[in-house]
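> Sequence first, predicted model second:
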Amino acid sequence: MTQYDFPQDLRDAQLALHQTQSEFQQYAKTLPWSAEPMAGWEGDKQLHSGYRSSKPDSPGYTEEQRQQVAAYRARLLELSIQVVTHSFWETLKGDDLFSARMQLKHVHDTPEPQGEAAA
């Protein structure tokens, strides 16, 4: 498999994108299930099961929560645009372009080899 030499600013933007997405997902878990106030509900009993789906009343998002969600979404959009429109992609075509984009998504999954700096 070809290893691509991604520019550091592209690597940094991809890492920031992953980190911001992870932070947003964690934050979203703390939010009410509905952005707007909504009454809770309970579904019908499922066939061959005692499971009954339900949701409690949702107070909706506070103004602070709305602003935080908007800030996360704006940052994710900014980073996505930075990664997707980077000039590095113009140096590749076809399968190489596809392979490089997939490789960039995982470039931070494994630690980089330690060079002479580790000595």
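Good, I have the coordinates.

> surely P56 meets M38?
No - in this structure, P56 is not within contact of M38 by Cβ atoms under 8 Å, at 10.0 Å. Every residue, glycine included, has its C-beta placed from N, CA and C.

> hmm, what's the outermost residue in this protein?
For the chain, the residue at maximal distance from the C-alpha centroid (Cα atoms, centre = their mean) is H48, at 36.9 Å.

> residue boundaries of the helices in the chain?
8-28, 63-84, 94-105 (DSSP state H).

> Dump those to a markdown table, plus mean neighbour count.
Below are the helices of the chain laid out as a markdown table (neighbours: other Cβ atoms under 10 Å):
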| stretch | mean neighbour count |
| --- | --- |
| helix 8-28 | 14 |
| helix 63-84 | 13 |
| helix 94-105 | 13 |
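
> closest to T2 out of those?
helix 94-105 (6.5 Å; Cβ to Cβ).

> I'd like to know how far E90 sits from V84.
Using Cβ to Cβ, to the nearest Å, E90 is found at 12 Å from V84.

> can you tell which of the helices of the chain is closest to R52?
When those are compared (using Cβ to Cβ), the closest one is helix 8-28, at 24.9 Å.

> what angle do that closest one and helix 63-84 make?
On the basis of axes from the mean of the first three to the mean of the last three Cα atoms, to 10 degrees, helix 8-28 is oriented at 150 degrees to helix 63-84.
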